[in-house]
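K.L.:
okay, here's the prediction I keep looking at, along with the sequence it came from:
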Amino acid sequence: MCFLFLCGILLLGVVNAQFPYLNNKTQEFAVNGSAIPNVTFDIGESYAGYLPNTVTGYPSSNLYFWFFPSSNPNASDEITVWLNGGPGCSSLAGLMLENGPFLWEPGTYAPVRNPFSWTNLTNVVYIDQPSGTGFSLGPSTAISEFDIARQFTYFWKLFARTFDLQNRKVYLTGESYAGQYIPYIAAQMLDMKNTTYFNVAGVQLNDPYINDLTVLQDAPALSAINHHPSLFPFNSAFKSHLTTLAQTCNYTTLLTTALTYPPPLTPFPPVSHSPNCTTLYTQILSAISAQNPCFNPSHITDTCPPPWNPIGGPILSVGPGPTNYFNRSDVQAAINASPTDFSLCKGNIFRTPDGLDPSPPSSLGPLARVIEGTNNTLIAHGTLDFGLLVNGTLVSIQNMTWNGKKGFQREPVEGLWVPFREGGGSGGGVLGTAHTERGLTWSEVWGSGLEIPRYSPGAAYRQLEFLLGRIDSLSDQVEKFSTE
């Protein structure tokens with residue numbers, strides 16, 4: 001596709017500062033930034049479309065991308081990838097609800113500019129992967145994370161060649177099940193030892209799926225409801241039942257052992273995987289949903305009515321809505337997407353008998369190696385996420401060995417300082433914790449649910465600044481004020 005004014009630029013051979021990535025290779029992907037349906041402002045230069053993710057066997061298998069160049073001069077040698085999770089959820093959820101240049105907030109009539117757009121800092125590409133996800137055309141061909149990593153790197157080399165992004169620093173970011181995707185992709189890139197295309201400079205995982213659900217949900221569930229008693233107002237008999245169950249299943253002992261600094265070098269206590277034990281989390285969900293029919297595990301302060309969802313729901317932490325924006329034919333045409341019955345999340349994305357991912361959890365697989373390979377890995381977690389719990393992620397970290405030691409040696413209690421930004425509307429000050437050891441940074445964000453860029457955009461923006469190396473510490477101002 002070549003819009004009239006863009007074609008004119010190309011035919012005249014004019015180098016236009018407004019469209020630095022536009023050339024004969026990229027013109028078919030150009031998006032008219034002033035013609036996005038319902039968006040009342042020009043979103044600027046961007047490119048969207050399809051590139052193959054496999055060389056043979058499945059010629060129709062490809063990945064859909066939407067690439068937003070940044071005008072920030074500090075971004076000239078880098079490219080940042082955003083992936084949503086699921087598995088099987090479109091990364092356009094992150095674009096339109098979290099950190100893209102325009103947001104359609106639940107309950108509003110039209111999209112608005114995002115003052116905390118990550119494109120203000122860096123070049124960002126949103127990718128629907130694996131194949132079969134979002135706008136990416138199937139069939140899905142992956143049977144493991146190793147397949148996903150191989151297919152992604154094949155796609156990525158083509159993408160870099162198309163937009164002349166060779167020799168760029170590559171930052172991989174995402175949330176939820178991207179905690180599984182990204183470590184495997186990053187490990188594959190690092191193993192290729194080809195910095196022309198795969199120079200992984202940093203990784204950020206928000207509220208990540210990095211272990212089995214017994215560790216991420218069942219084991220830490222009791223401590224979470226005890227931490228938020230007003231949001232889980234259970235009677236004493238039910239809480240006593242949960243306490244006994246947590247003790248019987250060895251969950252209490254696991255948390256006590258793992259959440260010490262430094263952790264013991266001996267293996268952590270095993271937990272029971274009996275059917276009775278692995279229902280602790282679902283018992284809590286059932287009980288709280290009876291009290292709050294609109295309970296949202298991704299953002300536990302939500303009550304009825306749930307916020308409506310402009311891009312198709314229910315999904316993540318927004319409820320059902322009257323529209324599915326990306327399922328509109330005019331929207332699909334504007335962003336170079338094939339006519340698609342678009343669904344924000346799809347199940348059975350792996351070609352396995354049960355449709356599930358058989359790969360080892362990333363914290364038991366490639367994550368430690370990725371930390372060592374980048375020495376710039378950030379794991380962030382919203383404290384109001386009950387889908388994947390803070391203490392479950394911390395237990396997973398404390399069970400990993402990287403750069404010569406097991407877990408964090410010191411308790412992560414330093415403050416996360418977020419500057420006030422005029423006109424941003426996100427607040428500032430100390431909004432959580434931030435702690436770095438041996439190339440891994442852990443950051444809790446108080447008051448945020450699963451989607452940190454949505455619920456605490458200033459904190460997410462600050463964390464990205466740190467990942468990109470624009471600031472040296474997430475606690476600088478805290479340290480400054482504490483010494484004055």
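P.N.:
Good, I have the coordinates. Note that the coordinates shown come from a computational prediction; the quantities given were computed from them, not determined experimentally. Numbers count the residues shown, from 1 in each chain.
K.L.:
contacts for the lengthiest helix in the chain?
P.N.:
Counting residues, the longest helix found in the chain (DSSP state H) is helix 145-162. The contact list for helix 145-162, computed with CB atoms under 8 Å, 6 or more residues apart in numbering, reads 25-26, 29, 51-55, 61-63, 65, 67, 79, 125, 127, 129-131, 141-142, 165-166, 168, 170, 180-181, 184-185, 187-189, 192, 197-198, 357, 359, 362, 365. For glycine as for every other residue, the C-beta is placed from the backbone atoms N, C-alpha and C.
K.L.:
only whichever of those residues are buried, select them in ChimeraX.
P.N.:
Burial among these is assessed by 16 or more other CB atoms under 10 Å; the matching ChimeraX selection reads:
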select :26,29,51,52,53,54,61,62,63,65,67,79,125,127,129,130,131,141,142,165,168,170,180,181,184,185,187,188,189,197,198,357,359,362,365
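K.L.:
taking the contacts of helix 145-162 one by one, which sit in strands?
P.N.:
51-52, 62-63, 65, 67, 79, 125, 127, 170 (DSSP state E).
K.L.:
could I get these as CSV with pLDDT and distance to G88?
P.N.:
Listed next are the ones in strands among the contacts of helix 145-162 as CSV, based on pLDDT from 0 to 100; distance: CB to CB, whole Å:
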residue, pLDDT, distance to G88
L51, 94, 20
P52, 88, 20
N62, 90, 16
L63, 95, 13
F65, 98, 17
F67, 98, 22
I79, 98, 24
V125, 98, 19
I127, 98, 14
V170, 98, 24
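K.L.:
returning to that earlier point: any idea of the mean pLDDT for the longest helix of the chain?
P.N.:
For helix 145-162, mean pLDDT rounds to 95.
K.L.:
could you pull out the buried residues of it?
P.N.:
Burial within helix 145-162, assessed by neighbour count using 16+ other CB under 10 Å, is assigned to 145, 147-160, 162.
K.L.:
where does this protein have low pLDDT?
P.N.:
Applying pLDDT under 70 to the chain flags residues 1-16, 55-60, 313-323, 423-425, 478-484.
K.L.:
contacts only, for N376.
P.N.:
Taking CB under 8 Å, 6+ apart, we find N376 in contact with 201-203, 439, 467, 469.
K.L.:
tell me how far the longest helix of the chain lies from the chain's centre.
P.N.:
Remark: helix 145-162 is offset 18 Å from the chain centroid, using CA atoms, centre = their mean, to the nearest Å.
K.L.:
with just CA atoms, put that helix into CSV.
P.N.:
Only the C-alpha atoms of helix 145-162 are listed here, as CSV (Å, rounded to 0.1, in the frame of the first residue of the first chain):
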residue,chain,number,x,y,z
GLU,A,145,8.8,-22.7,23.1
PHE,A,146,11.8,-23.8,21.2
ASP,A,147,9.7,-23.7,18.0
ILE,A,148,8.4,-20.3,18.9
ALA,A,149,12.0,-19.0,19.4
ARG,A,150,13.2,-20.4,16.1
GLN,A,151,10.2,-19.0,14.2
PHE,A,152,10.5,-15.6,15.9
THR,A,153,14.2,-15.3,15.1
TYR,A,154,13.5,-16.2,11.4
PHE,A,155,10.9,-13.4,11.3
TRP,A,156,13.1,-11.0,13.2
LYS,A,157,15.9,-11.2,10.7
LEU,A,158,13.5,-10.4,7.8
PHE,A,159,12.0,-7.5,9.8
ALA,A,160,15.5,-6.0,10.6
ARG,A,161,16.5,-6.3,6.9
THR,A,162,13.2,-4.7,5.7
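K.L.:
tilt between it and strand 62-68?
P.N.:
On the basis of axes from the mean of the first three to the mean of the last three CA atoms, to 10 degrees, helix 145-162 is oriented at 50 degrees to strand 62-68.
K.L.:
now do helix 145-162 against strand 124-128, angle only.
P.N.:
130 degrees.
K.L.:
all helices of the stretch 301-450 of the chain, in order?
P.N.:
With DSSP state H, counting those that start in this stretch, the ranges of helices along the stretch 301-450 of the chain come out as 329-334, 367-374, 390-398.
K.L.:
a markdown table please, covering those and showing mean neighbour count and distance to P310.
P.N.:
Listed next are the helices of the stretch 301-450 of the chain as a markdown table, based on neighbours: other CB atoms under 10 Å; distance: least, CB to CB, whole Å:
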| stretch | mean neighbour count | distance to P310 |
| --- | --- | --- |
| helix 329-334 | 15 | 11 |
| helix 367-374 | 22 | 34 |
| helix 390-398 | 24 | 29 |
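K.L.:
okay if I get those as a markdown table plus distance to L265?
P.N.:
What follows is the helices of the stretch 301-450 of the chain, written out as a markdown table (distance: least, CB to CB, whole Å):
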| stretch | distance to L265 |
| --- | --- |
| helix 329-334 | 54 |
| helix 367-374 | 15 |
| helix 390-398 | 11 |
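K.L.:
mind checking which of these is nearest A246?
P.N.:
Nearest to A246 among those is helix 390-398 (12.0 Å), distances taken as CB to CB.
K.L.:
can you list the neighbours in contact with that closest one?
P.N.:
Helix 390-398 has contacts (CB under 8 Å, 6+ apart) with 207-208, 210-211, 215-217, 219-220, 223-224, 254-255, 258-260, 263, 268, 361, 363, 379, 381, 383, 406-408, 412, 440, 442, 444.
K.L.:
quick one: buried ones out of these?
P.N.:
Among those, those classed as buried by 16+ other CB under 10 Å are 207-208, 210-211, 215-217, 219-220, 223-224, 254-255, 258-259, 263, 268, 361, 363, 379, 381, 383, 406-408, 412, 440, 442, 444.
K.L.:
for the closest residue to T340 other than its chain neighbours, helix, strand, or coil?
P.N.:
Leaving out its chain neighbours, the residue that sits closest to T340 by CB to CB, 6 or more residues apart in numbering is F135, at 5.7 Å. At F135, secondary structure determined by DSSP: H, G, I helix; E, B strand; the rest coil is coil.
K.L.:
look up how far C304 lies from F135.
P.N.:
Between F135 and C304 the computed distance is 32 Å (CB to CB, to the nearest Å).
K.L.:
again with N114
P.N.:
Computed as CB to CB, the N114 to C304 distance reads 28 Å.
K.L.:
same thing with A258?
P.N.:
36 Å.
K.L.:
contacting residues around the closest residue in space to I335 that isn't next to it in sequence?
P.N.:
Nearest residue to I335, sequence neighbours excluded (CB to CB, 6+ apart): A48, at 4.7 Å. Contact analysis of A48 by CB under 8 Å, 6+ apart lists 29, 31, 64-67, 335-337.
K.L.:
7 Å instead, please
P.N.:
A48 is in contact with 29, 31, 65-66, 335-336, counting by CB atoms under 7 Å, 6 or more residues apart in numbering.
K.L.:
next one: P339
P.N.:
Residues in contact with P339, defined by CB under 7 Å, 6+ apart, are 329, 332.
K.L.:
next helix or strand past the helix or strand hosting P453?
P.N.:
Using DSSP states H and E, P453 sits in helix 452-455. As assigned by DSSP H and E, the chain's next helix or strand after helix 452-455 is helix 457-467.
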